[in-house]
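[1] Starting from these lines, generate the structure:
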Amino acid sequence: MPTPYETAIGSWTRRSTFFWAATGATVGLSNLWQFPYLAGQHGGGLFILLYLACLLLVTLPLMLTESAIGRHSRHGIVLAMDGFVRQGRLSRHWIWLGRLSVVSAFVVLSFTAVIGGIALAYVFYGALGRFSGADEARAAELLFSLVADQNNYRRFMGWHAFFLLLVLGISVQGVVVGLERGFRRVVPGLFVLLLGLLIYSSDQGQLGRAVDYLLVVRAEELSWDSLLAALFHAFFTLGLGMGVWVVFGAYMPQFTPLKRSVFGVVLMDTLFAIIAGLLIYSLVLAHAPGVGDQGFGLLFMALPLSLSELPGSQFLIAAMFLVVVLVAWTTSVALLESVVGWFQEWTGAPRAGSVVVIGALVWLAGLASLFSFNIWADHTAIGGSVFRWLELTVSGLLIPLVSVLLALFVGWKLSRSVAFGLIGKTPWLVGQIWFWVMRLVLPAVVAYIGVHYSIASLQDLCGEDRDADLCRPIQVLPLSERDRQSEPADAQGDVQPPESPAGAPAGSGAPAANDAETRIPGPEDVPAEGAPDEKDKQSDREILYHSV
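    Below is the predicted model of the structure:
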């Protein structure tokens, strides 16, 4: 007979598993390609403190609430909402909160797997020495040939399927044998690997310069835009609004210290972002400055270039992109569990069949994002590709909407006794802060984030300038074609990330330039020798968020 804390689909067997699983879910690619850049641009150590304040005062209450709902109900988000609705005799429409969270997890998983496929390919590219002696043009050509070449997109499909199989392979083994063992081994191993690479970078890179860039306090760089950047990143980076925290809370054994575990996850996520930033920038600033500050340019251009001339470069590049793969893998496993758990509870299907069905649907949905980079690159709507619109829909609408509705539901629809019963015994002042943040602060703040994100992104797709970058399909030429059309591509210039879209005022902090983070640099992005530096024209326009 099941013990009282077990769910119908499984439970953790150890109390610490929630910590490792939740850490794996929250450590995402934005920790690698976004957080270090934001810290460097917004006051270094002061930005990190501001970010932690936003986490603790705004997003931590929502994380705690989602986990507590799962622990209290012992169900995923949909059946948990159904239970509360029946108990309180509330409108059945509230169940849509749970359904939308599952849809959000599914969409984000579909394009996270695509990016994971790119990183997986780079592990093998590095190990086989394809970056050895590469210059910027060669690195751009490798990225183009993998992702944006319309004649070779099937190879990209293969890497995408390979990565997704690695995710499905652990999920199909079940909650204990698969997920619990996987998270407990992979997440600590990921941190050990990251620390080992950081030690190496202290010898071969410019760790002191990276520390100055990320950690030294620069009060003159802090502004209102810094608060917006910290707030946006704090909300989006922790996997909220997608049912992950609910299902992991449902698997939590009795007597697991919920509040302490959630707080520990927040600190570990921040620590990972800092260590990753120090590692990446100590190498990039030393060996590939100016190639890319964030996004695809940083991860898939600047990073392999910075490692290509170092001793043991093949091993180093493979190890570095193994870190990226593991980050994408842990995120994907967590997102998949949210969807698979819902499917099992809804249909009563066995674990293996549920994983196969959901995995096949995720693969098909991921092809829409994958094709956006190559054979569908010419097909855009208002300047945005299919991938761009999927990302905008889930980031600007679904995730904020679910979070606002959940805060309103707990703060206004549940009785106070039920609401406070969710988080368990806690000091009176802490409980009151949590309750009023959920009731008043979170709905307003998250609604602002969603509206601001959506409006700024829509305006920046084209604005008034129909010739802006985002209003044109992604155009990336192979070296041979570029050579016929312009100067040779072996110039020794910097590959610059594309400008932010028209309509985003410089320094506005608008989270608008998603395509700047997802546009695939090509050989034509390498400027001819002696060409003027475009970096100054970009000012400090930046990307605040990416969904993974």
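[2] mind checking how far stretch 39-47 is from the chain centre?
    The chain centroid and the centroid of stretch 39-47 are separated by 20 Å under CA atoms, centre = their mean, to the nearest Å.
[3] Now do that stretch: everything it contacts.
    Contact with stretch 39-47 is made by 38, 48, 50-51, 212-223, 225-226, 229-230, 274, 277, 281, 540, 542, as judged by CB atoms under 8 Å, 6 or more residues apart in numbering. C-betas here are computed from N, CA, C, even on glycine.
[4] among the helices and strands of this structure, which has the poorest mean pLDDT?
    Least confident helix or strand, the chain: helix 479-485 with a mean of 39, by mean pLDDT, DSSP states H and E.
[5] what sits against the spatially closest residue to N374 that is not a sequence neighbour?
    Leaving out its chain neighbours, the residue that sits closest to N374 by CB to CB, 6 or more residues apart in numbering is Y153, at 4.4 Å. By CB under 8 Å, 6+ apart, the residues touching Y153 are L370, F371, N374, I375.
[6] which of those residues are buried?
    L370, F371, N374 (16 or more other CB atoms under 10 Å).
[7] coming back round to it: closest one to S202 out of the contacts of Y153, please.
    In terms of CB to CB, no member of the contacts of Y153 lies closer to S202 than L370, at 37.4 Å.
[8] Surely the closest one is in a helix?
    Yes: according to DSSP: H, G, I helix; E, B strand; the rest coil, L370 belongs to a helix.
[9] Surely it touches I115?
    No: look at L370 against I115 with CB atoms under 8 Å: they stay out of range, at 9.9 Å.
[10] From Y153, how far out is F144?
    According to CB to CB, to the nearest Å, F144 and Y153 sit 12 Å apart.
[11] ditto for L303
    From L303 to Y153 the distance is 24 Å (CB to CB).
[12] residues contacting the nearest residue to L370 once chain neighbours are set aside?
    Using CB to CB, 6+ apart and skipping residues adjacent in sequence, the residue nearest L370 is V114, 5.0 Å away. If you count contacts by CB under 8 Å, 6+ apart, V114 has them with H160, G366, S369, L370, F387.
[13] how about 6 Å then?
    Residues in contact with V114 (CB atoms under 6 Å, 6 or more residues apart in numbering) are H160, G366, S369, L370.
[14] Quick check: the farthest pair among the residues you listed?
    Farthest pair in the contacts of V114 (CB to CB) is H160 and S369. Separation: 9.1 Å.
[15] mind listing what V418 touches?
    Per CB under 6 Å, 6+ apart, neighbours of V418: none.
[16] what's the helix or strand for it?
    If you go by DSSP states H and E, V418 is part of helix 416-423.
[17] how about that helix: buried residues?
    Neighbour count says helix 416-423 has A419, F420, L422, I423 buried, by 16+ other CB under 10 Å.
[18] Report the separation between P36 and Y213.
    In terms of CB to CB, P36 sits 8 Å off from Y213.
[19] Overlap of the contact sets of those two?
    Y281.
[20] who has more neighbours, the two?
    Neighbour tally, P36 and Y213, criterion other CB atoms under 10 Å: the higher count belongs to P36, 26 against 21.
[21] The host helix or strand of F321 - contacts with which helices or strands?
    Assigned by DSSP H and E, F321 belongs to helix 313-347. Where contact means 3 or more CB pairs under 6 Å, 6 or more residues apart in numbering; DSSP states H and E, helix 313-347 is packed against helix 95-127, helix 153-171, helix 181-204, helix 244-250, helix 303-308, helix 351-372.
[22] quick one: buried residues of it?
    For helix 313-347, by 16+ other CB under 10 Å, it's 313-314, 316-345.
[23] okay but A273 is in contact with S30, surely?
    No: between A273 and S30 there is no contact under CB atoms under 6 Å: 8.4 Å.
[24] For W363, give me its contacts.
    Contacts for W363 (CB under 6 Å, 6+ apart) come out as L164.
[25] Tell me how far it lies from W159.
    With CB to CB as the criterion, W363 and W159 are 12 Å apart.
[26] Y37 now?
    Y37 sits 26 Å away from W159, going by CB to CB.
[27] And the helices and strands packed on helix 313-347: which comes nearest M268?
    Nearest of those to M268, taken as CB to CB: helix 181-204 at 8.2 Å.
[28] Against which helices or strands is that closest one packed?
    Packed against helix 181-204 by the contact rule (3+ CB pairs under 6 Å, 6+ apart) you find helix 17-26, helix 258-287, helix 313-347.
[29] what's it in contact with?
    Under CB under 6 Å, 6+ apart, the answer for helix 181-204 is 20-21, 23-24, 170, 207, 275, 279, 282-283, 310, 323, 326.
[30] Of those residues, which is the nearest to Y122?
    Nearest to Y122, judged by CB to CB, of the contacts of helix 181-204 is V323 at 11.0 Å.
[31] ok, the closest one - contacts?
    Per CB under 6 Å, 6+ apart, neighbours of V323: L193, L194.
[32] What distance do you get for it to F371?
    28 Å.
[33] now P443
    P443 is 37 Å from F371, by CB to CB.
[34] for W363, same thing?
    The value you get for W363 to F371, if CB to CB is used, is 13 Å.
[35] Equivalent analysis for L303, please.
    Distance from L303 to F371, by CB to CB: 26 Å.
[36] okay but G241 is in contact with S403, surely?
    Yes: using CB under 6 Å, G241 is in contact with S403, at 4.5 Å.
[37] Compare these two (neighbour count), which wins?
    Each of G241 and S403 has its neighbours counted (other CB under 10 Å); G241 has more, 31 against 28.
[38] Residue ranges in the stretch 201-350 of the chain under the pLDDT threshold?
    Regions of the stretch 201-350 of the chain meeting the criterion pLDDT under 70 cover residues 286-293.
[39] do the chain as well
    Applying pLDDT under 70 to the chain flags residues 1-6, 286-293, 462-548.
[40] Restricting to C-alpha, output stretch 211-221 in PDB.
    What follows is stretch 211-221, C-alpha atoms only, in PDB (Å, rounded to 0.1, in the frame of the first residue of the first chain):
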ATOM      1  CA  VAL A 211      36.300  39.000 -11.800                       C
ATOM      2  CA  ASP A 212      36.500  42.800 -12.400                       C
ATOM      3  CA  TYR A 213      33.900  42.500 -15.100                       C
ATOM      4  CA  LEU A 214      31.400  40.400 -13.100                       C
ATOM      5  CA  LEU A 215      32.000  41.000  -9.400                       C
ATOM      6  CA  VAL A 216      33.600  44.300  -8.800                       C
ATOM      7  CA  VAL A 217      31.000  46.900  -7.600                       C
ATOM      8  CA  ARG A 218      30.500  49.700 -10.100                       C
ATOM      9  CA  ALA A 219      27.800  52.000  -8.700                       C
ATOM     10  CA  GLU A 220      28.000  54.400 -11.600                       C
ATOM     11  CA  GLU A 221      26.600  51.700 -14.000                       C
END
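[41] For that stretch, which residues meet the burial criterion?
    By neighbour count on 16+ other CB under 10 Å, the buried set for stretch 211-221 is V211, Y213, L214, L215, R218, E221.
[42] same question, stretch 299-308
    L299, F300, M301, A302, L303, P304, L305, S306, L307, S308.
[43] same question, stretch 357-370
    With burial defined by 16+ other CB under 10 Å, the residues of stretch 357-370 counted as buried are I358, G359, V362, W363, A365, G366, L367, A368, S369, L370.
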